[in-house]
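Asks: What follows is a predicted structure for the sequence shown.
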Amino acid sequence: MMKYVDVILPLPLPNTFTYSVPEEWADSVRIGMRVVVPFGKKKMYTAVVYLVHTVMPTVYEAKDIVCLLDNAPILRRPQMKFWEWISSYYQAFLGDVYQAAVPAGLKLESETRVCINPDYEAETVLSEKEEKVLMALSDGKPTTVLELNKVTEMRDVMPTLKALLDKGAVEISEELTDKFRVKTDTFVRMSAEAMQEDNLRKIFDDLGRAKKQLDVLMMYIDLSKCLIPAKYREVSRKELMEKSGASAAVLAGLVERGVLETYLKEIGRLDISDVSTSAVYPLNEFQQVAIKEIEKQFIEKPVVLLHGVTSSGKTEIYIHLINKVLAEGKQVLYLVPEIALTTQLTTRLKRVFGKRLGVYHSKFSDAERVEIWNNVLNDKTYDVIIGVRSSIFLPFRQLGLIIVDEEHESSYKQYDPAPRYHARNAAIVLASMHAAKTLLGTATPAIETYQNAQTGKFGLVELSQRHEDMAMPEILVVDTKEAYRKKQMESHFTDTLLERIAKALQNKEQVILFQNRRGYAPYIECKACAYVPHCKNCDVSLTVHKAFNTLTCHYCGYTEPIPNICPACKMPGTLSTKGFGTEKIEDEIKQIFPDARVSRMDLDTTRSKKSYEKIISDFEQHKVDILIGTQMVSKGLDFERVSLVGILNADNMLNFPDFRAHERAFQLMAQVSGRAGRKNKRGTVILQTSSPEHPIIGQVIRNDYQAMFATQCDERKLFKYPPYFRIIQIVLRHRDSIILNQAAARMAVDLRAVFNNRVLGPNVPAVSRIQNMYIKHILLKFEVEASAEKAKDILRQVTTNLQSEPKFKSLWINLDVDPM
Ligand code: ADP
Ligand code: ZN
């Protein structure tokens, strides 16, 4: 009987697609394996098998799969179930989930080009098929997988290609070089024969006349310590040549003599160097109580919230819990927001878990991600993964615990593209699929989370003692309105703040200055005609970046030079900056404190993982006195010598037009304040604001989370927001604003027919055009008790109806479930 597979394509399509399986793979094909399939006009994709069956499709003729790529599934059983949940809950296509979940390197496509690796030295025997593929590539030109299929007349060129890639004979050309291929390097070692003492002596004698070869050999012995087995390390050909300064010919001479030999070795891109593992710190008395309580609550509750003040040692508690779960032979996923994934944290964990710890960072190359994926899949070394949002998709065998650190962080939510999932909430579902527990940890819980803990849905453990009794920082509020009036301000700094900075510098202490806005200034304005330069693609003003002398759009990246004369009224010298960002703060602080070492940490200075880590380690080693930054400086960093934190402007956080603005302002200020203080000295926070009487400011000063929670809950209940109401945001986009308006109006009418006054809008969002697409929002709010599934079904139907109209063909509709 003919076998068929239903596959998921890496495309935003609503369905799976059926293909027939040729005889040769019929027995081996399984759910979760990858197959190459033709789709559309001559395109090929790496799809994932979703179902294996024998039912011939009736509406269309099934095409054959081109080949089966795997001997074993690359997904595990619970994963497919998890994908389905994500797809259904967040109203995303399975293809979108596949795209987000699987690293690109595992999705080789027909357009991928390969070529012969010029450095390849044939040392292994190749199969007939492999020879055939190499022949086809012998002209040296990069060739697509699709073309290779044709030229070689092999329908199944992919597996052969994969073998050749693994052997290093073939490489993926162009920008895809790093994908897919196992990286190898040529290493050098002494031949077994040469290693025998008698022989070695003879070799030295012989080499007396070949001075250059002798030098290289001595260098090798020195580098590798091959004569002292306990200290032996491998030496690559490259290293040996560099260190000895010898030519390839000299080295080849030694190989010819049979003294040295070369070998290929797979080199990991990941640092799994064997850091010596050390015992964990014993928990202090408060931590001991907390961990006992967590374990007790886990008996009944699948999720527990650890609400512990900053520096209470939550990480230590996690470490102890992880150890226990590992002892049961289960795996642990430790989720962190991207910016908290620093060397500081990973070093601390590596010290305890050594090679068992895998790190999954979004700044890693795709090849590195493939490597971690395979490592987890093949149950190699990692059983603790610390990672960002997308690490929830790794192929875990048996999770015992998921930790979500800084669970309140909004960066756990993926905005774009679909699936627009929330990693904390998805993690809870993932854990339950593994019958595992979830621990949420933070000093400032999300309102939703704390509400769940209040109603008993989650367990709750409070930890209010800082480690070693460090005092909570003293928070001084400075009224900027008054300071302006009394002329006690220099640019954006109050005299109080400047005095404190000077004092801290004098005491050789460090300072953190926080401003929640990057760039030099949010915009420039003409003093004569009030003209403000805007992005030509988006409906936003352009941000000033003085270092590059540019105006840049933070939505689409559009950039232009800062004009000398006003483009509107043509007056020279009238353009002046408005507001201030981190870059301006840096500029001015350097002028005010010319002797201080100043550094800045924001999106613009941390494009690469390296630059980011350098800023942190420089600050850690006190090579920097003042660190200026956006919310990046508030996350999970632990610095010894920070005695002062300055919050330059609380106003823009408080006035942000979003129902979560106050909650976020509290969280940010509490977190950044937590960076101040040392073991035996109380830290200080200077909080600059023009509205010192704002309730949130008072709550921050008193570190009164409960009060903040109570006020916010009252407001949310009143205005029908989470946690009392669910929100689904419908985002409509179109190049033509008139068509967009029609579509949005129609959709609102259709939805009101079902949901009545639970429908809000259509509204024009704060940024109403991005990359030349006009945008409108419709909000659906409904009671948490109502069936979300039903609501989503109706919503889908309305959406599909609308999009099936020819007029609205190029209308984009995104659903964002639980938007942040
Ligand atoms: P949190 O995650 O709650 O902000 P951390 O776990 O980072 O707190 O702890 C703050 C500091 O206190 C860290 O430097 C940590 O090493 C130290 N610390 C916490 N608990 C202990 C302990 N039981 N023994 C030794 N040091 C500890
Ligand atoms: Zn733009």
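Replies: Yep, that arrived. Ligands and ions are numbered 1, 2, ... in the order given.
Asks: Look up phi and psi at the closest residue to ligand 1 within the stretch 551-700 of the chain.
Replies: When distances are taken as Cβ to the nearest ligand atom, the stretch 551-700 of the chain reaches nearest to ligand 1 at residue 638, 4.8 Å away. Quick note: C-beta positions are derived from backbone N, CA and C, even for glycine. Per-residue torsions, residue 638: phi -130, psi 100 (degrees, to the nearest 10).
Asks: From what I see, it and residue 312 are in contact.
Replies: No. Residue 638 is beyond contact range of residue 312, at 11.9 Å (criterion: Cβ atoms under 8 Å).
Asks: Which one's more surrounded, these two?
Replies: Legend: neighbour count by other Cβ atoms under 10 Å for residue 638 and residue 312, higher for residue 312 (25 against 15).
Asks: mind listing what the residue in the stretch 401-550 of the chain that ligand 1 sits nearest to touches?
Replies: Sorted by distance to ligand 1 under Cβ to the nearest ligand atom, the residues of the stretch 401-550 of the chain start with residue 467, at 3.8 Å. Shown in contact with residue 467 (Cβ atoms under 8 Å, 6 or more residues apart in numbering): 284, 287, 311, 312, 313, 316.
Asks: just the buried members of these?
Replies: Buried residues within these, counting neighbours by 16 or more other Cβ atoms under 10 Å: 284, 287, 311, 312, 313, 316.
Asks: Can you tell me the SS state at the fourth one?
Replies: Secondary structure assignment for residue 312 (DSSP: H, G, I helix; E, B strand; the rest coil): coil.
Asks: how distant is the helix or strand residue 577 falls within from the center of its chain?
Replies: Assigned by DSSP states H and E, residue 577 belongs to strand 575-578. Strand 575-578 sits 35 Å away from the centroid of its parent chain (Cα atoms, centre = their mean, to the nearest Å).
Asks: go on, stretch 582-592?
Replies: On Cα atoms, centre = their mean, the centre of stretch 582-592 falls 30 Å from the chain's centre.
Asks: Over to stretch 85-94?
Replies: Stretch 85-94 has its C-alpha centroid displaced from the chain centroid by 20 Å (Cα atoms, centre = their mean).
Asks: now do stretch 601-615
Replies: On Cα atoms, centre = their mean, the centre of stretch 601-615 falls 14 Å from that of its chain.
Asks: Give me the contact list for it.
Replies: Under the criterion Cβ under 8 Å, 6+ apart, residues 342-343, 361, 363-364, 518-519, 545, 547, 582-583, 599-600, 616, 624, 627-630, 632-633 lie in contact with stretch 601-615.
Asks: In helices, which of those fall?
Replies: Under the assignment DSSP state H, the contacts of stretch 601-615 contribute 343, 582, 583, 616 to helices.
Asks: And the residues you listed, which two are furthest apart?
Replies: Maximum pairwise distance in the ones in helices among the contacts of stretch 601-615, criterion Cβ to Cβ, is 24.9 Å, between 343 and 583.
Asks: Would you mind telling me which of the two has more residues around it?
Replies: For residue 343 versus residue 583, neighbours defined as other Cβ under 10 Å are more numerous around residue 583 (25 against 16).
Asks: where does the stretch 551-700 of the chain come near ligand 2, residue by residue?
Replies: For the stretch 551-700 of the chain, the contact set with ligand 2 under Cβ under 5 Å from the ion comprises 553, 555, 556, 558.
Asks: If I look at the first one, what pLDDT would I see?
Replies: Note on residue 553: pLDDT of 91.
Asks: Neighbours of it, how many?
Replies: Count around residue 553 with other Cβ under 10 Å applied: 20.
Asks: Does the helix ranked longest in the chain pack against any helices or strands, and if so which?
Replies: Using DSSP H to define each element, the chain has its longest helix at helix 737-755. With contacts defined as 3 or more Cβ pairs under 8 Å, 6 or more residues apart in numbering; DSSP states H and E, the packing partners of helix 737-755 are strand 725-734, strand 759-763, strand 773-783, helix 788-804.
Asks: Ligand 2: which of those is closest?
Replies: strand 773-783 (10.8 Å; Cβ to the ion).
Asks: What is the burial count for residue 775?
Replies: Residues lying near residue 775 (other Cβ under 10 Å) number 22.
Asks: going forward, begin numbering at 22 instead of 1
Replies: That works, and once the first residue is 22, the last one we named lands at residue 796.
Asks: mind listing what's buried in stretch 713-725?
Replies: Buried, per 16+ other Cβ under 10 Å, within stretch 713-725: 713, 715, 717, 718, 720, 721, 722, 724.
Asks: Between those, which sits nearest residue 419?
Replies: residue 724 (39.5 Å).
Asks: so the closest one is in which element?
Replies: Per DSSP H and E, there is no helix or strand for residue 724.
Asks: before we move on, back to that, just send the buried ones among the contacts of residue 488 back as JSON lines, with pLDDT too.
Replies: Shown next, in JSON lines, are the buried ones among the contacts of residue 488 (pLDDT from 0 to 100):
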{"residue": "305", "pLDDT": "93"}
{"residue": "308", "pLDDT": "96"}
{"residue": "332", "pLDDT": "87"}
{"residue": "333", "pLDDT": "92"}
{"residue": "334", "pLDDT": "92"}
{"residue": "337", "pLDDT": "93"}
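Asks: List, out of those, those positioned next to ligand 2.
Replies: Answer for the buried ones among the contacts of residue 488 near ligand 2: none qualify (Cβ under 5 Å from the ion).
Asks: Dump those residues into TSV; add distance to residue 55 as well.
Replies: Shown next, in TSV, are the buried ones among the contacts of residue 488 (distance: Cβ to Cβ, whole Å):
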residue	distance to residue 55
305	49
308	45
332	46
333	45
334	44
337	41
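Asks: If we only consider these, which is nearest to ligand 2?
Replies: The closest of the buried ones among the contacts of residue 488, once distances to ligand 2 are taken by Cβ to the ion, is residue 332, at 40.3 Å.
Asks: re the thing from before, the strand holding residue 598 pairs with which strands?
Replies: strand 544-547 (antiparallel) (DSSP bridges).
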